[in-house]
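> My questions concern the predicted model and sequence given below.
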Protein chains: 2
Amino acid sequence: MNVEMIAVGTELLLGQIVNGNAADIGGRLALAGIDHFHQVVVGDNLARATEAIIQAVDRADAVIITGGLGPTQDDLTREAMCAAAGVGMAFSEEVVEHLRAWWANRGRDMPESNLRQAEYPAGATLIANPKGTAPGLRMRIGSAWVIALPGVPQEMGPMLDDEVIPFLKAHAGGSTGVLVSRVLRVWGEGESRVAEALGDLFYASVNPTVAFLASGGEVKVRLTARAGSREEAEALLAPLESEVRSRLGRLVFAVDGQTIEDLVLAVCRQRGWSLGTAESATGGLVSAEITSIPGASDVFVGAVVAYSPGLKARLLGVPPALMEEQGVVSEATALAMAEGGAAHLGADVVVAVTGSAGPSSGGAPVGTMVVAVRTPEGSRARTFRMPGDRERARAYTATAALHCVRLALSGEWW
Amino acid sequence: MNVEMIAVGTELLLGQIVNGNAADIGGRLALAGIDHFHQVVVGDNLARATEAIIQAVDRADAVIITGGLGPTQDDLTREAMCAAAGVGMAFSEEVVEHLRAWWANRGRDMPESNLRQAEYPAGATLIANPKGTAPGLRMRIGSAWVIALPGVPQEMGPMLDDEVIPFLKAHAGGSTGVLVSRVLRVWGEGESRVAEALGDLFYASVNPTVAFLASGGEVKVRLTARAGSREEAEALLAPLESEVRSRLGRLVFAVDGQTIEDLVLAVCRQRGWSLGTAESATGGLVSAEITSIPGASDVFVGAVVAYSPGLKARLLGVPPALMEEQGVVSEATALAMAEGGAAHLGADVVVAVTGSAGPSSGGAPVGTMVVAVRTPEGSRARTFRMPGDRERARAYTATAALHCVRLALSGEWW
């Protein structure tokens, strides 16, 4: 079973919204072990939407269309399905009743334009939409199933989970098996070094496959196996995973959905240590990332963002003479920020960041970022050269700061 | 001139990343008045990438490919262009020098795998990549221009603006006209209320058009006109813009690319006031957003993230009895945080946030968020009910906090 996705909507072409539905559906298809090779986006244009459907039913076993089911004149998915299938339009009194009830529930009269949503290509099955007014559609066109869903993610999601994925799995027969993926999360080397270390595995890979993805300063190595059952797929993955792990060693820090924030909080919790941050160049980003995790409050006490040099002295007790002598962006200043942070925040573990994210201020070169970690067992600083643009330099540094905490907590330092 | 977009990357099909490049490029093509009818996504698969190029050059005047230019073995865009054009691979010594310099700058040896990025389809022109290692490519295939750019948005963006859009405009002739868009940024009402206020304008809209987009707690209202010249398009936009402004009134806070962070910093700068934050539930997010703006340091001094109640007392001077009596999530506590923040940070303007982002802790209901602003002219607090999920509640609250600062600074309070 392989599925093609078509998104219909001029707002997508104009960049007014991002096609998050494609990522959402793609992820759920992968989890269900269903292949997915093409995504197409067309505007609210009958000819191009029809052509896209005709091409898709020719190369895929099933087609999922999102968007173009609304009540307005530019919602053309129903018409495009009629044109691709060579059928006329039918009308559902049942949908009319549902629409009237939906509006009545909200204490409002239904705009007459809404009746368009009761139209459907003759022969199609309607798919209930519990969260909105436009029903989904499912019909056979050529040798493929064509399934149309509303473009609103909150309506589309439940219909996909409750109706479409189960339908596709049921109609996949035994032909598709199961796709099992494992993501090894790597930090400490760039994508190209990781790819080099695993190059031969990549070239040899058919099943299981190896792929790389750079992501916010980390690299994800994805191993994917296809087999008749979950167990067989796991058995295919196991030797590849251990080979990759043996080559990358300590660069692999986590698996699948586990993030560096999760890890740092878990280790602090385990050792009974509280955590805080003392930030300058990252401006609170490290603190914001840690506190994005529910339950962070049992470990994380708080942060001092000392953006001005005056505050580094006042709130973190960094001696002005030290900053003068060594520079605000220096390992000495970072270490003093971490130590002062521990005292002022009353935290056992403090990670401090100072650096120059740009634009150039005449001090340290733009992209110079210094991280210091202080734990009850010791402290150490490390200097990074980050990419030149401000946004990435800050994001990569926040990630690096968390990894420095992880290494310090495990006694590996650097 | 009409452009087709092809994104190459298995991670897109698997839903591991969202195709933000497509929206980004689509928006810029629209601004440049260049038509754009199809977007296609294929995985890291040579046959399918090649087919996509062959189809695109057949139906478009220019094709923009993103992704697949990196150093790893699964980066296949160069090979697919060779296959589609029927040419061999050439090798650029100049790119090798650029690559070696790039790595040397970072004090590291270049992994040999990086040499892949010096390969290019014979006959292609290389496009400099100031932010990264992989150059872009431009060549004629069939009757169309094919332009390949890196998938990393921070590298792709400048190449698009500086090279690709000007090139496409120069080769478009006078045939396309101009598409002019204006985005009115709105805060204070949800998308559906805004859509309701403008519903008839939306339904009537052909040229200029009206569209809505909810985005991080704000709503963007986009007005777009097409005409023979920029002046004619502006003339079409003007009456629509003033109608929308008269209906939405003070809800419209900015136009086009101006963000709430820009605005807040500009007003502080103008009044000669320094700015700081005192955060609990947002965990440093407000500070991180303010400091994402280059040059924030002339206004922004720093932040105290007092995540634990103990730190609210110690670092912000909030009386424990007050928190006990009124609750940690209360307007009284938020006001005390703002006042204490002003004293401890030495800032003229302080915005404080306390709240419950979830999971439930037995205190205030999840989603209760309190913002207080203190300026030299006075202080006030405001309570918000935010959506239930933690991530959105935090992001919307950070946005709301900045808007409260804007209103306070302009004397509008609430």
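Great, that's in hand.

> And the one residue in the stretch 51-200 of chain A that gets nearest to chain B, how far from A:Glu189?
Nearest to chain B, among the residues of the stretch 51-200 of chain A, is A:Ala195, at 3.7 Å (C-beta to the nearest C-beta). The C-beta positions use only the backbone N, C-alpha and C, and glycine is treated the same way. A:Ala195 is 10 Å from A:Glu189, where distance means C-beta to C-beta, to the nearest Å.

> Comparing those two, which shows the higher neighbour count?
Set A:Ala195 next to A:Glu189 and count neighbours by other C-beta atoms under 10 Å in any protein chain shown: A:Ala195 wins out with 27 against 16.

> Excluding chain neighbours, give the residue nearest to that one in space.
Nearest non-adjacent residue to A:Ala195, counting by C-beta to C-beta, 6 or more residues apart in numbering or on different chains: B:Thr72, 3.7 Å away.

> now the host helix or strand of A:Arg314, how far from the centre of its chain.
Per DSSP states H and E: A:Arg314 is located in helix A:309-316. Centroid separation between helix A:309-316 and its chain, computed with C-alpha atoms, centre = their mean, to the nearest Å, is 37 Å.

> which stretch of helix or strand covers the residue of the stretch 51-200 of chain A closest to chain B?
Applying DSSP H and E, one finds A:Ala195 within helix A:191-197.

> CA atoms only for the helix or strand hosting A:Gly27, dumped as PDB, please.
Per DSSP H and E: A:Gly27 is located in helix A:20-31. C-alpha atoms of helix A:20-31 as PDB (Å, rounded to 0.1, in the frame of the first residue of the first chain):
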ATOM      1  CA  GLY A  20       1.500  21.100   8.700                       C
ATOM      2  CA  ASN A  21      -1.200  18.600   7.600                       C
ATOM      3  CA  ALA A  22       1.400  16.900   5.300                       C
ATOM      4  CA  ALA A  23       3.900  16.400   8.200                       C
ATOM      5  CA  ASP A  24       1.100  15.300  10.500                       C
ATOM      6  CA  ILE A  25      -0.300  12.700   8.100                       C
ATOM      7  CA  GLY A  26       3.200  11.600   6.900                       C
ATOM      8  CA  GLY A  27       4.100  10.800  10.500                       C
ATOM      9  CA  ARG A  28       1.000   8.800  11.100                       C
ATOM     10  CA  LEU A  29       1.400   6.900   7.900                       C
ATOM     11  CA  ALA A  30       5.000   6.000   8.800                       C
ATOM     12  CA  LEU A  31       3.800   4.700  12.200                       C
END
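
> Find the nearest non-adjacent residue to A:Lys157, please.
Actually, residue A:157 is Gly rather than Lys. In space, A:Gly157 is closest to A:Asp24, 6.9 Å off (C-beta to C-beta, 6+ apart).

> err, A:Pro320, not the other one
A:Ala313 (5.2 Å).

> Quick check: that neighbour touching A:Ala321?
No. Counting by C-beta atoms under 8 Å, A:Ala313 sits too far from A:Ala321 to count as a contact (9.8 Å).

> So those two - more neighbours on which side?
More neighbours surround A:Ala313 than the other of A:Ala313 and A:Ala321, with 18 against 9 (other C-beta under 10 Å).

> which residues touch the more buried one?
A:Ala313 sits next to A:319-320, A:323 when contact means C-beta atoms under 8 Å, 6 or more residues apart in numbering or on different chains.

> Show the buried residues in those.
Those of those that meet the buried threshold are A:Met323, by 16 or more other C-beta atoms under 10 Å in any protein chain shown.

> Just list the residues touching the residue sitting furthest away from the middle of chain A, thanks.
Most distant residue from the mean C-alpha position of chain A: A:Ala321, 44.4 Å away (C-alpha atoms, centre = their mean). Contact analysis of A:Ala321 by C-beta under 8 Å, 6+ apart lists nothing.

> Could you grab the helix/strand/coil label for it?
Of the three states, A:Ala321 takes helix under DSSP: H, G, I helix; E, B strand; the rest coil.

> Show the pLDDT at the spatially closest residue to A:Glu377 that is not a sequence neighbour.
Using C-beta to C-beta, 6+ apart and skipping residues adjacent in sequence, the residue nearest A:Glu377 is A:Gly411, 7.3 Å away. At A:Gly411, the model reports a pLDDT of 88.

> and what of A:Gly362?
For A:Gly362, pLDDT reads 66.

> same check, this time on A:Gly174
So, for A:Gly174, pLDDT stands at 54.

> Ok, A:Met369 next?
96.

> For it, pull up the helix or strand it's in.
With DSSP H and E as criterion, A:Met369 is part of strand A:368-375.

> hmm, the helix or strand following that strand in reach of chain B?
Downstream of strand A:368-375, the next assigned helix or strand under DSSP H and E is strand A:378-385. Yes. Against chain B, strand A:378-385 shows contacts by C-beta under 8 Å from any C-beta of the partner chain at A:Arg385.

> which regions of the stretch 251-400 of chain A lie under the pLDDT threshold?
Within the stretch 251-400 of chain A, the segments meeting pLDDT under 70 span A:361-362, A:388.
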